[in-house]
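Novice: Here is a sequence with its predicted model. Questions after.
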Amino acid sequence: MHAARVLIVGGGIGGLTAAIALRRRGFAVEVIEKDPDWTVYGVGIIQQSNVIRAMADLGLLEEYLGAAFGFDHVDVYLPDGRRAARVPSPKLVEGRPANLGVARPALHKVLGRRALREGAEVRLGVTATALDDDGAGVTARFSDGTEGRYELVVGADGVFSRTRRTILPDAPEPEFTGQSVWRYNLPRPAEVDCLRAYDGPTGVGLVPLSTDLMYIYVTTSEPGNPRYPRAGLAAAMRGKLKDAPPGIAELAPRITDDEGVVYKPEDCLLLEGDWHRGRVVLLGDAVHATTPHLGQGAGMAIEDGLVLADELSRAEAPEAAFRAYRDRRFERCALTVRLSRAICDAQLGKGPPVDQAELTAQMFEVMARPI
Ligand SMILES: Cc1cc2nc3c(=O)[nH]c(=O)nc-3n(C[C@H](O)[C@H](O)[C@H](O)COP(=O)(O)OP(=O)(O)OC[C@H]3O[C@@H](n4cnc5c(N)ncnc54)[C@H](O)[C@@H]3O)c2cc1C
């Protein structure tokens, strides 16, 4: 399938990674992204050593690390504000950090720039209105009135993927877990030099993103999945921190800008069946959306892109490549979704108590395996 023409629907983390990996293997790649401004919200994410390894495989390591703040351990704090433990994280790339925090816009810039530099064509403000797969190829019609013919289509359009609904109409829909995350950027004090996670009934923590920046997160139970109007979001987030431990409580008054608050319900999805139909295949949150408790959602989307490109470059026909890709990815992604969900349910009192440190160690052990 070496020089096949590929349409990628969605220019997010997974779609851009797939674009880079496919271009590096000689595929002709077109990305459509529905957001005309190609923006992402301002706060950051945590990534682990398996993502650092994946970035090295993509030839992106220096740019990626340059955009991020690396660290080698996680500090766990008690509800009274005392540090309980400093937990080292395993490293998979010698001489490089074990974990990092990276602002989404910074990561997006690294991936977007590289996709363009590798020769992917990116069209913004465009969605696919129809994907007609006739067995020999896919004719796509687009929202701007144009149409194109492709040998393969990759649906990387996130947890509420329209591509998934088009090709697999009977697939399960994402489920709201009952928990949401509030996040806000703040200046980073020098002493916040690794992830600080606070134990207690409300999950709260600090994540360094750069020399100057960190973000604060708080996970809350949100029965009924309420919608919060933008006006008043900062006051609402401060309210969620009213019982926060020392070290966090004094940061709450600095959450003042409604526009800076990122509130996200946690939606979960795991597609147990096929991840493709005909010549159209799915990756990332479109097939395995996880809660953020293990910091692996974006990592799984990134690894998907690498593995899909690898399988497509070796196969004669899409069916074999898509099956091999799903076989290589399923257990790893399923574990991430299931363990993260178990932590989430335990926090909400909807599931049995779990030992988060034990589940994190299990995750690290699996993530260290080759992809
Ligand atoms: C609160 C929260 C915290 C998280 N924290 C972390 C973390 O710390 N670490 C981590 O690894 N992961 C984290 N994640 C998970 C991570 O954000 C996702 O797993 C990751 O973004 C998935 O990448 P994706 O490319 O599959 O989807 P997305 O990043 O959602 O990208 C999908 C893209 O497709 C575009 N699109 C959608 N529909 C269409 C369409 N019809 N046509 C064209 N384009 C379309 C969207 O605009 C978007 O650009 C977190 C998630 C949440 C909700």
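Specialist: Nice, I can see it.
Novice: where are the low-confidence patches of the chain?
Specialist: 201 (pLDDT under 70).
Novice: In it, spot the helix with the most residues.
Specialist: helix 318-348 (DSSP state H).
Novice: Following element in sequence after that one, please.
Specialist: Next helix or strand after helix 318-348 toward the C-terminus (DSSP states H and E): helix 356-367.
Novice: Now do the buried residues in that next one.
Specialist: Neighbour-count burial for helix 356-367, counted by 16 or more other C-beta atoms under 10 Å, picks out Q356, L359, T360, M363, F364, M367. Heads up, the C-betas are built off the backbone N, CA and C, glycines and all.
Novice: For the residues you listed, give me TSV that also has distance to G273.
Specialist: TSV is the format used below for the buried residues of helix 356-367 (distance: C-beta to C-beta, whole Å):
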residue	distance to G273
Q356	30
L359	26
T360	29
M363	24
F364	28
M367	24
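Novice: Who are the contact partners of whichever residue of the stretch 1-150 of the chain sits closest to the ligand?
Specialist: Residue of the stretch 1-150 of the chain nearest the ligand, by C-beta to the nearest ligand atom: G12 (2.0 Å). For G12, the contacting residues are E33, V40, A156, D157, G158, G284, A301, by C-beta atoms under 8 Å, 6 or more residues apart in numbering.
Novice: List just the nearest of these to the ligand.
Specialist: The nearest one, if we look at the contacts of G12 relative to the ligand and count by C-beta to the nearest ligand atom, is G284, at 2.2 Å.
Novice: Report the separation between the closest one and M237.
Specialist: 28 Å (C-beta to C-beta, to the nearest Å).
Novice: between the two, which one's more packed in?
Specialist: Counted by other C-beta atoms under 10 Å, G284 and M237 do not tie: G284 has more neighbours, with 30 against 25.
Novice: In contact with that one, which residues?
Specialist: G284 touches G10, G12, I13, G14, G15, A156, G158, M300, A301, D304, G305, counting by C-beta under 8 Å, 6+ apart.
Novice: Regarding it, what are the backbone dihedral angles?
Specialist: phi 70, psi -150 (degrees, to the nearest 10).
Novice: can you give me the strands in the stretch 1-150 of the chain?
Specialist: For the stretch 1-150 of the chain, strands defined by DSSP state E, counting those that start in this stretch occupy the ranges 5-9, 28-33, 44-48, 68-71, 73-77, 83-88, 99-103, 121-124, 128-133, 138-142, 147-150.
Novice: And for the second one, what's in contact with it?
Specialist: So that's strand 28-33. 3-12, 15-16, 19, 22-23, 115, 119-128, 142, 148, 150.
Novice: follow-up on the earlier one: quick check on the contacts of G12: which are buried?
Specialist: Among the contacts of G12, the ones that count as buried by 16+ other C-beta under 10 Å are E33, V40, A156, D157, G158, G284, A301.
Novice: Give me every residue in the stretch 251-371 of the chain that's in contact range of the ligand.
Specialist: Neighbours of the ligand within the stretch 251-371 of the chain, by C-beta under 6 Å from any ligand atom: K264, G284, D285, A286, P292, G295, Q296, G297, A298, G299, A301.
Novice: That concludes my questions; thank you for your assistance.
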